[in-house]
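K.L.:
need the 3D shape of this:
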Amino acid sequence: MTSLINLLLLWSLVARIALPAPTSFSTRDSCLISCTTSPIPPKQDPWYITPPESLNTPPPGTILRIRKAPGSLTSIISNSSAAYNILYRTTDSQYQPTWAVTTLFVPKSTTSAPGKTLLSYQIPYDSLNLNASPSYSLYASPAPSVVSLALGRGWHVVVGDYEGPKASFTAGVMSGHAVLDGVRAALSAECLGTFGLSSNAKYSMFGYSGGALAVEWAAELQGLYAPDLEFAGAALGGLTPNLTRVRDAVEGGPNAGLSPLSIVGITSQYPAARQYVVSRLKTSGPYNATTFLGVENGTSTAATFAYQNISDYFVGGMADFNVPLLNEVVWRDGIMGYHGVPKMPLFVYQAINVPHPHPGHPHMWDTQKCLINTASL
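P.N.:
So this is what the prediction gives:
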């Protein structure tokens, strides 16, 4: 059933006609590919973590480094004939140059129109640990079936490390920029022949939960940040349009760990906000700064913070969240619709029979409907 649902979602995207993709996005004049023998955790991988030179010069989407995906990733991801790690220029949440990585999978099968379809699929990796980025974690964690399913149809697929080099979980602007520039990089003219993509390929986006967060922000920012891209559409499931509502909804519940994850993640893009958060954390007692700042991934965080009131970690309790510095960060980077609404066709869905996360608080689906109803579709 899951595969069938995924197939229907993918068909809902490609059924729509997109305008031809631009033929060039970067200033490189050749597709220079390097090789690494085996996968290395990003934190220890010089290819990944070393800041590229001259980030200010190339435009967003420019390929800065490219290599064949190390090891045997194509034996892990079925229906893939080749895989490439692409490190490219993008823009962080404060609109400063940075970089991100995406992994491009080339399909084994051929169709009557090879290279004509590109799917940007974003995995919900929901982590503050850079080593959890999909370009590395796919070697150990099963890829969602939609990746192999799309490859089996002859589509190219890009899977992004959209949180960027700081693992900025829930930083919407950083994530959206990284997704958009990952598509630009995949469509770079000098590498189209290497990738087997057509210059007029159609392209779409798909994500659920944390992956949908990245896709929605990409769709929301596309008009201003990447007007050169013309998407066929985007499929979004399990959205979290408002981080403040998520925080209120999970407080004291089994998913309370989402709050420290999102607070630490989003403030990685804003040093002043991070400094404020640290200054307001308690330094002793059971709810202390060491525990709060020790979050790394969603699995361990869930057990550590389950059923806790995260406000207990702060000197002033919940009032410490309601200050202008943090409010502006959340408005700019954590509330969908702040920068506009997506103009591309959307397929938005929610899992059925999902219990209300917390009595007395608005359900996330209510906020999703508000976002959708204000979009021009």
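K.L.:
give me the below-cutoff pLDDT ranges for this protein.
P.N.:
For the chain, the stretches flagged by pLDDT under 70 are 1-30, 110-112, 298-299, 353-377.
K.L.:
please parse it into its domains.
P.N.:
For the chain, whose domains are defined here by automatic domain parsing, the residue ranges read 2-241+341-373, 244-334.
K.L.:
and those domains, which is most packed in?
P.N.:
Ranked by average neighbour count under the criterion mean count of other C-beta atoms under 10 Å, the domains of the chain are headed by domain 2-241+341-373 at a mean of 20. C-beta here means a position set from N, CA and C on the backbone, and glycine is covered the same way.
K.L.:
how far does it sit from the chain's center?
P.N.:
The offset between the C-alpha centroid of domain 2-241+341-373 and the centroid of the whole chain comes to 7 Å, using C-alpha atoms, centre = their mean, to the nearest Å.
K.L.:
do stretch 332-343 as well
P.N.:
On C-alpha atoms, centre = their mean, the centre of stretch 332-343 falls 15 Å from the chain's centre.
K.L.:
which outside residues touch that stretch?
P.N.:
93, 170-174, 216-217, 219-224, 234, 239, 241-244, 262, 266, 269-270, 331, 370-371, 374-376 (C-beta atoms under 8 Å, 6 or more residues apart in numbering).
K.L.:
what about it, how long is it end to end?
P.N.:
19 Å (C-alpha to C-alpha, to the nearest Å).
K.L.:
likewise stretch 281-292?
P.N.:
Taking C-alpha to C-alpha, the span from the opening residue of stretch 281-292 to its closing residue is 8 Å.
K.L.:
then stretch 58-74?
P.N.:
Using C-alpha to C-alpha, the span of stretch 58-74 from its first residue to its last is 31 Å.
K.L.:
and what of stretch 128-137?
P.N.:
In terms of C-alpha to C-alpha, the two terminal residues of stretch 128-137 are separated by 13 Å.
K.L.:
same thing with stretch 65-76?
P.N.:
Terminal residues of stretch 65-76 are spaced 23 Å apart (C-alpha to C-alpha).
K.L.:
can you check stretch 263-282 too?
P.N.:
15 Å.
K.L.:
now swap in stretch 129-136 and tell me
P.N.:
In terms of C-alpha to C-alpha, the two terminal residues of stretch 129-136 are separated by 11 Å.
K.L.:
now stretch 229-239
P.N.:
Using C-alpha to C-alpha, the gap from the first to the last residue of stretch 229-239 comes to 23 Å.
K.L.:
likewise stretch 250-270?
P.N.:
Start-to-end, stretch 250-270 (C-alpha to C-alpha) is 24 Å.
K.L.:
stretch 293-307 too?
P.N.:
Its start and end residues considered, stretch 293-307 measures 18 Å (C-alpha to C-alpha).
K.L.:
rewinding a little: tell me which of the contacts of stretch 332-343 fall in helices.
P.N.:
By the criterion of DSSP state H, membership of those in helices covers 172-174, 216-217, 219-224, 243-244, 262, 266, 331, 370-371.
K.L.:
need the strands for the chain, in chain order.
P.N.:
Assigned by DSSP state E, the strands in the chain fall at 63-68, 80-91, 97-107, 117-122, 156-161, 202-208, 233-237, 346-349.
K.L.:
show me what the last one is packed against.
P.N.:
What it means is strand 346-349. Judged by 3 or more C-beta pairs under 8 Å, 6 or more residues apart in numbering; DSSP states H and E, strand 346-349 is in contact with helix 2-14, strand 233-237, helix 364-373.
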